[in-house]
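Engineer: just to be clear, the model below is a prediction. Sequence and coordinates:
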Amino acid sequence: MNLWQEFRRPTSISEAIEDLIKAPGPAIPLAGGTDLLLDMKQGRHSLAHTLVDLTGISEMNVIEIRQGVLFIGAAVPVSRIIDNDLVNNNARALVEACSLIAGPQVRNTATLGGNVAHALPAADGTIALVALNAQAEVAYSEGTKRLPFLTLFQGPGKSAIDKSCELITGFYIERALRGQASCFKRIMRPQGVALPILNCSVWVYREGDRVKDTRIAVGPGGPTPFRATETESFLRNQAFSDAVLTQAIDKLLSQAKFRTSPRRASADYRQYIVRDLFRDTFMTTWERAGESAK
Amino acid sequence: MTKEITLTVNNKTYTLPEKPGETLSTLLRQRLHLTGTKIGCDEAECGACTVLVDGKPMMSCIYPAARANGKSIVTIEGLAEHVHQIMKLHPLQEAFVEHGAVQCGFCIPGQIMTAFALLKRNPDPTQEEVHEALKDTLCRCGGYPMIEKAILAAAHTLRTGDPLPKPEVFESIHQQDVVGRTKTRPDGIDKVTGKAIFTDDLMFEGMLYAKAKRAMVPHAILKSLDISKAKALQGVKSILTADEIKGEKTHGLVIYDWPAIIGVGERVRYVGDTVAIIAAETQEIAEQAASLIKADYELLPVISNPVQAYQEGQPQLHENGNLLKHIKVRKGDMDTGFAEADVVLEHTFHTQTTDHAFIEPECSVAVPTTDGRMEIYVGSQIPYQDRSQVARVMGWDEDRVRIVGQMMGGGFGGKEDITGQIHAAMLADATQRPVKLLFDRHESLLVHPKRHATQIRVKIGAKKDGHIIAIETELFGDTGAYASLGEKVMTRATTHSAGPYDVDHVKADCYAMYTNNPPAGAFRGFGVTQSAFAIETTIDMLADKLSIDPITLRRMNALHVGSITNTGQELDESVGLTECIDRVEEEIRKTDQIPFKPVVDPQNPHLVRSWGFAAAYKNTGLGGGAPDISNAELELFDDGTFEVRSSSAEMGQGLVSVMQMIVSEEMEVSPDNVRVLVMDTDLTPNGGPTTASRQTYITGNASRYAAKTLRNAIAAFTAEKYDIKPDQILFKGGSVRANGHQMSYGEIAQEMKEMGQYPKAMYKYEAPKTQPLGTGGDMHFAYSYGVQAAQVEVNKKTGEVKVLKVISANDVGMAVNPLGLQGQVEGGVMMGLGHCLTEEFIVNEGQVVTDYLARYRIPGIKLTPEITAIIVEHPTAEGPYGAKGVGEICSIPTTPAITNAIYNAVGVRIDKTPVDQEVVLKTLREKV
């Protein structure tokens, strides 16, 4: 019962797609593999005939500005994202999320592409990318397409990507302008399963004391990554004050559907702690946005 | 055409055929025989398998070998330099040895490789940066403080070229030439270079791989078993069922109630029960065969907890029912006691099941010998009982079985019972080939005995001035499917359930119950961890009720010389409890004058700090009337070196250092000339079980008296030779002097042999007799005492709890091996902290929920508080140089110290472990 029979090491995206399509048995793209290989080993994912290793594809291993937009290759290990100046300057929330993913050794292997393709609704990287309004680049046999980030998610662990013939190749994030900032925070529970019980990411475009625009993501807030659109609309174009923020929290609580995860957290607990988590995350973002406007 | 991978490992390039499904760790361990890279969990959780890939630390267990094509790998074997055959350790390796960071050593290659990568990237890391880098590299010995200090020391040396800074270790106030002074471990260098061999590192010609088919149902009758498909699988060499057992069907440490294999028509009592065992050419084939075995069960109602097991009308799991033992402690008269009390409090507590989670999973390799015997290579805490249990089920005489003990990657009580030894032996016998049976982490979590989950009701009566008059306790202990050491563990829980206090009226009743959960057995603390949480919380509740300082209350009631324990034992010496209390108090008051008041962080008002305090005692040795014996043998060789031998177990705790130091002290020879051999039933005499914090005392004494015996023989021989009195012989500096003559030990060995004498001594040490519970008198020959104070910070927004500082004072009689002792004390705190805050082995209707390490959280380095270890030495007359045990006491008071601190910080009383932050927050919200 080997986890795989054949291990392909393509060096280009097109080669990878070809490897996927031409494999004699079930094939699956492999990024870091820190989730996928364990899922296969522990019976949560079917075994593959062919693993197509994406880590040797240079196009997927870059972090760069493409046509004015930040591009992060799907096969870049998260430790490199943490250390990258472009990401630090433009997508701080993502750096903060990546710094909290697993431990240092796993971060040297794990990738954002794998994280997103796994389609968990509350993965740290995912929640940050939602707030950052990322777009995903997906390659298939005819070329590539850009998809709004949330369209990749169809349900817990269910990705819109057809892994037998498609790949996520990278993510596009708009560069941060003056007055724009982001932040990611989470709360853990030390017992039992090693998953955060609540995480939150906020992006803000600040103009003086006015919230020109904002995006807010909270996990887990549903079967797919949750974006607090009602809170966002409420805050948009508001003059910021503590009272406004308190009202925003009420909006968030009315829209988000927190549920009880056995042995992780009850809905009631999440409902309660999200107030402070959101407040802290928003305030940090707001202050950062103020700094960046200077 | 087979593809190839070319990779560089430790500067050597290899081109190898690619294998399907192979990870880098497998390639390194099995194909390149670089077994320094360890597998602890095989699920990228523990970090033991960390190697550098192109300079970056990676978990090799999850890294496909094929991906390493073209890459450069550094493993633990690649760190030390070799100049003209002489090995020069890397400063990190040297620092880990010198600073005592090495205990069992199994995680150490991962720790060092992770640290090596850190120092390459950041030559001058802060403590916080060390913690972050080592966040996911777990050490179950809990050696984090020493690991951190070793890394910082090595960083200093690498940056400056200065010699390695020395560790700061206290030494014994009763120190002699060797004992009581800092000494590095004899196995330290092997453990930091990857040379140390653990059982799974062994390979034998023609070796087969075994797998047990587990029932995976908690309570059922096995109706039928079909092995035909599995048998037909190519590469399967043997499948055995209960029908093939030639001897007795069951094993056990005290009660033989644990079937080696469940037969058709027989009862399955927990998910880990075995229905068939397989040996195959590869591990993968063995696993596939297990999945092809079809077992049908008639499912039966499940008993989930001990209280349910005790109720009327429940299914009965064993012939004698569900009650393993009703344990009773009686002293004084409860009616009188409670009548005299001004205040009576009563509360019920619950403690969880926990897993030892030693980083090295269980492994046994059975090798048939040409003369019809069976050698079993295994890391076991009780080699002689492994031997007797294997022989029993094989239907053999014991001397046909040889247990060859291997280095152990942690034990903590979890390697006392049989796991794979019998199965490996049966399969090796059937195939006449070596058979390796290695548990993966999943199987380890499912199968081996755990810590007893316990419900404890405490009723306490006291005078207004704080004098405790009466304590009544009632315990229900979950011993799971089989007895293991359940009766003994729960006896200790019961006898210690009134705490280390002098109380006139005590009544304790414990019901040790069988359930359909995984068995529970020995686990560091041995039941006292559970009862200490209950009684020490109650003591704080009493202090609160009476408005008495919790330290004063404990001191007022503390056991002292002259006290009678609740089992009727008069303590006539070596009761250092009051000094422990005083020393911890003194240490707290250095920084906090009013330690038990809440202190709000002015910058973050939702963070509140406070201290908590707890005391405990723990027996050294088996006690209760059991003869407590260890044998040690000492031999002098022609080259002037000694070897001391006993079957007692080294599992990281440092017994080999203790034996080495004691022989060195007694023979007045350098410790480097003393080798230690342990855990081999052919080569080492029986040292008894390594349990109950007994080995420093028992095998320490056996080694000491063996040395004295040999010394006397040498003195007699030399005296005769030079015709002087034996007491005129001088032993000094590795040689013997008599009347102006000087002979080296080597010369003596040779001459003694020429004269037909053998320079060898054997000593059977028997500890002072003890009395069974209920008969009065001395139930134990010694007790250790421990006091801890913990400072916590509670987050009122989330309920999160962080432990900032722990002060731990332990009366150990005498600190024979201070460096090892420091590791035990700090590690004890870490294990206690895990028990209190992070660990919960969850079983739902008999099904294990926490069946991977990712679901069972043991503390990592980031949770390490600042630990201050204080050693208190009230010698016990009979102990070696006054020493008694330390392995358990140092872990027992941690939980109540933390939970009492939580109460003092935010007023939330914890009566169930582990602490659940959600419950803390909920209680806080309800209070508002």
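Structural biologist: Looks like it came in fine.
Engineer: residues contacting the residue minimising distance to the centre of chain A?
Structural biologist: With distances taken as C-alpha atoms, centre = their mean, A:Thr126 lies nearest the centre of chain A, 1.6 Å away. Applying C-beta atoms under 8 Å, 6 or more residues apart in numbering or on different chains to A:Thr126 gives the contacts A:Asn115, A:Val116, A:Leu120, A:Gly219, A:Pro225. No exception for glycine: its C-beta is placed from N, CA and C like everyone else's.
Engineer: can you tell me which of those residues is nearest B:Gly654?
Structural biologist: Checking these against B:Gly654 by C-beta to C-beta gives A:Asn115 as the nearest, at 42.9 Å.
Engineer: helix or strand: which one has the closest one?
Structural biologist: Applying DSSP states H and E as the criterion places A:Asn115 in helix A:112-117.
Engineer: any idea of the mean pLDDT in whichever helix or strand comes after that helix?
Structural biologist: Using DSSP H and E, the helix or strand that follows helix A:112-117 towards the C-terminus is helix A:124-131. Regarding helix A:124-131, the rounded mean pLDDT is 97.
Engineer: so how far is helix A:124-131 off the chain centroid?
Structural biologist: 3 Å (C-alpha atoms, centre = their mean, to the nearest Å).
Engineer: pull up the pairing partners for the lowest-mean-pLDDT helix or strand in chain B, direction included.
Structural biologist: Every helix and strand of chain B was ranked by mean pLDDT, DSSP states H and E. The lowest is strand B:81-83, at a mean of 88. For strand B:81-83, the paired strands and their directions (DSSP bridges) read strand B:86-88 (antiparallel).
Engineer: how far does the partner strand sit from the chain's center?
Structural biologist: Per C-alpha atoms, centre = their mean, the centroid offset for strand B:86-88 relative to its chain is 33 Å.
Engineer: likewise for stretch B:493-501?
Structural biologist: 22 Å.
Engineer: and that stretch, average pLDDT?
Structural biologist: Taken as a whole, stretch B:493-501 has an average pLDDT of 98.
Engineer: show me what the helix or strand hosting A:Arg146 packs onto, helices and strands only.
Structural biologist: Assigned by DSSP H and E, A:Arg146 belongs to strand A:143-148. Strand A:143-148 sits against strand A:135-140, with contacts defined as 3 or more C-beta pairs under 8 Å, 6 or more residues apart in numbering or on different chains; DSSP states H and E.
Engineer: what's in contact with the strand it packs on?
Structural biologist: By C-beta under 8 Å, 6+ apart, strand A:135-140 touches A:13-14, A:16-17, A:71, A:74, A:116, A:144-149, A:152, A:161-162, A:165-173.
Engineer: from these, which land in helices?
Structural biologist: Taking DSSP state H, the ones among the contacts of strand A:135-140 that sit in helices are A:Ile13, A:Ser14, A:Ala16, A:Ile17, A:Val116.
Engineer: go ahead and confirm the last one touches A:Leu150.
Structural biologist: Same thing as A:Val116. No: A:Val116 lies out of contact with A:Leu150 (C-beta atoms under 8 Å); the separation is 10.8 Å.
Engineer: who has more neighbours, these two?
Structural biologist: The residue with more neighbours, out of A:Val116 and A:Leu150, is A:Val116; 25 against 18, by other C-beta atoms under 10 Å in any protein chain shown.
Engineer: hmm, back to that, between the ones in helices among the contacts of strand A:135-140, which is closest to B:Pro671?
Structural biologist: Out of the ones in helices among the contacts of strand A:135-140, the member with the shortest distance to B:Pro671 (by C-beta to C-beta) is A:Val116, at 57.3 Å.
Engineer: how near is the closest one to B:Asp540?
Structural biologist: From A:Val116 across to B:Asp540, the span is 49 Å (C-beta to C-beta, to the nearest Å).
Engineer: got it, and B:Ala520?
Structural biologist: 27 Å.
Engineer: ok, the strand holding A:Arg146: who's next to it in the sheet?
Structural biologist: strand A:135-140 (antiparallel).
Engineer: got the CA coordinates for the partner strand in PDB?
Structural biologist: Provided in PDB are the C-alpha atoms of strand A:135-140 (Å, rounded to 0.1, in the frame of the first residue of the first chain):
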ATOM      1  CA  GLN A 135      -7.400  36.200  -7.300                       C
ATOM      2  CA  ALA A 136      -6.200  32.700  -8.200                       C
ATOM      3  CA  GLU A 137      -4.500  31.800 -11.400                       C
ATOM      4  CA  VAL A 138      -5.500  28.300 -12.500                       C
ATOM      5  CA  ALA A 139      -3.800  26.400 -15.300                       C
ATOM      6  CA  TYR A 140      -5.500  23.800 -17.500                       C
END
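Engineer: just to revisit the earlier point, higher neighbour count, B:Ala520 and B:Asp540?
Structural biologist: Set side by side, B:Ala520 and B:Asp540 show more neighbours around B:Ala520, with 31 against 25, by other C-beta under 10 Å.
Engineer: quickly list the domain ranges of the chain.
Structural biologist: With no chain named, the answer covers chain A. A:6-53, A:58-174, A:180-293 (automatic domain parsing).
Engineer: please go with chain B instead
Structural biologist: Using automatic domain parsing, the domain ranges for chain B come out as B:4-78, B:81-168, B:208-300+B:360-409+B:415-447, B:454-623+B:774-927, B:629-766.
Engineer: got the residues of the stretch 51-200 of chain B near chain A?
Structural biologist: Within the stretch 51-200 of chain B, the positions near chain A by C-beta under 8 Å from any C-beta of the partner chain are B:53, B:56-59, B:62-64, B:66-67, B:69, B:114, B:132-133, B:135-137.
Engineer: quickly list what B:Phe613 is bridged to.
Structural biologist: Judged by DSSP bridges, the bridge partners of B:Phe613 are B:Ala789.
Engineer: tabulate the contacts of A:Thr126 (JSON lines), appending distance to B:Tyr256 and pLDDT.
Structural biologist: Putting these into JSON lines (distance: C-beta to C-beta, whole Å; pLDDT from 0 to 100) gives the following:
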{"residue": "A:Asn115", "distance to B:Tyr256": "51", "pLDDT": "93"}
{"residue": "A:Val116", "distance to B:Tyr256": "55", "pLDDT": "96"}
{"residue": "A:Leu120", "distance to B:Tyr256": "48", "pLDDT": "92"}
{"residue": "A:Gly219", "distance to B:Tyr256": "52", "pLDDT": "91"}
{"residue": "A:Pro225", "distance to B:Tyr256": "56", "pLDDT": "95"}
